[in-house]
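[1] sequence and predicted structure, then a few things I'm wondering about:
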Amino acid sequence: MNSPESAAESTAAAPICSAKGCRADAVWVLAWNNPKLHTPERRKTWLACEEHREHLSSFLGVRGFLKDVVTLTEWESGESGADSP
């Protein structure tokens, strides 16, 4: 039987979407940087669920910040070719 503490810990450890108010599991990693603030190789990340991937990508893309969009699994395995988060 799972105790409430262990269930809460496993839920808290699961990556969630970066969209405001969203608590869905993250599926995508949006790698970005602001060229006015960051060196060209630096990558910041936002996480996205299926529902918010397009919205968050558009937000970053219209500003020229979006560099890459990969699955969370791909990012965690290091297959994306980008630096680790």
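    That came in fine, so what should we check first?

[2] what about residue 69, which SS state?
    Following DSSP: H, G, I helix; E, B strand; the rest coil, residue 69 is assigned to strand.

[3] can you get me a residue count around the closest residue to it other than its chain neighbours?
    Nearest residue to residue 69 in three dimensions, chain neighbours excluded: residue 30, at 5.4 Å (CB to CB, 6 or more residues apart in numbering). From N, CA and C alone the C-beta is placed, and that goes for glycine too. Number of residues near residue 30 (other CB atoms under 10 Å) recorded here: 26.

[4] as a check, name the ranges of all strands in this structure.
    Secondary structure of the chain by DSSP state E: the strands cover 28-32, 44-48, 66-71.

[5] tell me which of those sits nearest to residue 18.
    Taking CB to CB, strand 44-48 is the member of the strands of the chain nearest to residue 18, at 4.1 Å.
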